[in-house]
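Chemist: I'll drop the sequence and a predicted model, then ask my questions.
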Amino acid sequence: MEKLLLILHDEAERQRLRAWLTPDYAVLDDGRPDRDEDIALCIVDLQALESDSDTLRRYRERETPPQVPVLLVLPR
């Protein structure tokens, strides 16, 4: 099962996405993937990107080459 990493500032949005995606994906939402976890996609909102950019950068830097796709979720 592919793993998705949710890095979302809004707790309610994170819970909604988790509930929607869990039947088909292993969803990680603590923002701290294990060293050996293979993440298929990171879903990030703008607020989390600004405040938690170090988490995403650290994960991407440890990949060789850094091929972690990131989906940026923006407000309307």
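Modeler: It's in. Residues are numbered from 1 along each chain as shown.

Chemist: May I have the strands that pair with the lengthiest strand in the chain, each with its orientation?
Modeler: Counting residues, the longest strand found in the chain (DSSP state E) is strand 39-45. Paired strands of strand 39-45, with direction, are strand 3-7 (parallel), strand 70-73 (parallel) (DSSP bridges).

Chemist: Identify each buried residue in stretch 45-52, please.
Modeler: D45, A48, L49, D52 (16 or more other CB atoms under 10 Å). Placement of C-beta: from N, CA and C, glycine included.

Chemist: gap between that stretch and the chain center?
Modeler: Using CA atoms, centre = their mean, to the nearest Å, we find the averaged C-alpha position of stretch 45-52 to lie 11 Å away from the chain's own average C-alpha position.

Chemist: May I have it as CSV, with CA atoms only?
Modeler: The C-alpha atoms that make up stretch 45-52 are tabulated as CSV, following Å, rounded to 0.1, in the frame of the first residue of the first chain:
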residue,chain,number,x,y,z
ASP,A,45,-0.9,23.3,2.7
LEU,A,46,0.5,26.8,2.5
GLN,A,47,0.5,27.5,6.3
ALA,A,48,2.3,24.2,7.0
LEU,A,49,4.7,24.8,4.2
GLU,A,50,5.7,28.1,5.8
SER,A,51,5.9,26.8,9.3
ASP,A,52,7.1,23.2,8.8
